[in-house]
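[1] next comes the sequence, and after it the predicted model I'd like to discuss.
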Amino acid sequence: GVFPFVALLLLQRRLVAGRALLVNGPGAGCPINSLCRSNVYEQTRKQVALLNTTAQDLFNLYLKCQGEPFSSETDKLCNPNGFYFPDFHEDRTSEKEVMVAMYKLFAFLNASLGNITRDQEELNPTAKELLDRLHNTTKTTRGLISNLTCLLCKNYNIFQVDVRYGLSSKGKSAFKKKQQGCQVLRKYVQVISHAARILLPHLSPA
């Protein structure tokens, strides 16, 4: 049933290097009958909308908690140009292409959030509001990945998606850890509104 997918979701917290991601075992196919909930479209719409409406606040709070020079030199230090983040192009018009692209985007984001949360637990252990926001965003993202997994299997029999992850911050200096998190979250703010605008129209029950 759903249980093979639990390993996937746990795996995404740990893997941040480029890897091929198996949604299910090779040749296992999709457990359609037991995977999807009846309200999967409604739930997915709500998750995407929630991530979209909270992204900017998360970024602002992250900046506030990092202190200087991040607050005063945001454009310079948090510039995500040249920093890998999954692309999402306007010319992806079919639902299948949109769903696969969204899966790649949120799988990347989920792993990156795990990385950022770990660093902030080390660097800002008393920043309760920030840590709570990061945990809640990660929880929403995991739920969204689970629903996208269901839709890809149910509608397209897709159970293998190649996902590229970002670089781990382990071993980097405190400044570099803060900067990497800042770059990821700024790019996330830029991408999520665009992605939500394209994805939401596709999330209507067939």
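    Okay, I see it.

[2] for this protein, give me the ranges with low pLDDT.
    Along the chain, the model assigns pLDDT under 70 to residues 1-35, 89-93, 204-206.

[3] where do the helices of it begin and end?
    4-14, 32-35, 40-66, 74-77, 95-123, 128-156, 174-199 (DSSP state H).

[4] who does the fifth one touch, helix- and strand-wise?
    Taking 3 or more CB pairs under 8 Å, 6 or more residues apart in numbering; DSSP states H and E as the contact definition, the neighbouring helices and strands of helix 95-123 are helix 4-14, helix 40-66, helix 128-156, strand 160-163, helix 174-199. In short, each C-beta sits where N, CA and C put it, glycine included.

[5] so what's V189 up against?
    55-56, 59 (CB atoms under 8 Å, 6 or more residues apart in numbering).

[6] in JSON lines, list the helices and strands packed on helix 95-123 along with distance to P80.
    Compiled in JSON lines, the helices and strands packed on helix 95-123 are given as follows (distance: least, CB to CB, whole Å):
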{"stretch": "helix 4-14", "distance to P80": "21"}
{"stretch": "helix 40-66", "distance to P80": "11"}
{"stretch": "helix 128-156", "distance to P80": "17"}
{"stretch": "strand 160-163", "distance to P80": "19"}
{"stretch": "helix 174-199", "distance to P80": "4"}
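
[7] and D87, which of these is closest to it?
    helix 174-199 (8.7 Å; CB to CB).

[8] what about the closest one, distance to the chain center?
    10 Å (CA atoms, centre = their mean, to the nearest Å).

[9] okay, the angle between that helix and helix 95-123?
    Per axes from the mean of the first three to the mean of the last three CA atoms, to 10 degrees, the angle that helix 174-199 makes with helix 95-123 is 150 degrees.

[10] what's the local residue count around V98?
    Using other CB atoms under 10 Å, V98 is surrounded by 18 other residues.

[11] closest one to M99 among the helices and strands packed on helix 95-123?
    Each of the helices and strands packed on helix 95-123 has some distance to M99 by CB to CB; the shortest is helix 128-156, at 5.6 Å.

[12] wait, what's in contact with the residue lying closest to A127 once chain neighbours are set aside?
    Distances taken as CB to CB, 6 or more residues apart in numbering put C65 closest to A127, at 4.6 Å, once the chain neighbours are dropped. By CB under 8 Å, 6+ apart, the contact list for C65 reads 120, 124, 127, 130.

[13] nearest spatial neighbour of Q43, chain-adjacent residues omitted?
    Per CB to CB, 6+ apart, closest to Q43 is N147, 5.9 Å.

[14] now do the one you found against A49, distance only.
    13 Å (CB to CB, to the nearest Å).

[15] the two: who's more crowded?
    N147 (25 against 13).

[16] so that one touches T44, yeah?
    Yes. With contacts counted by CB atoms under 8 Å, N147 reaches T44, the gap being 4.4 Å.
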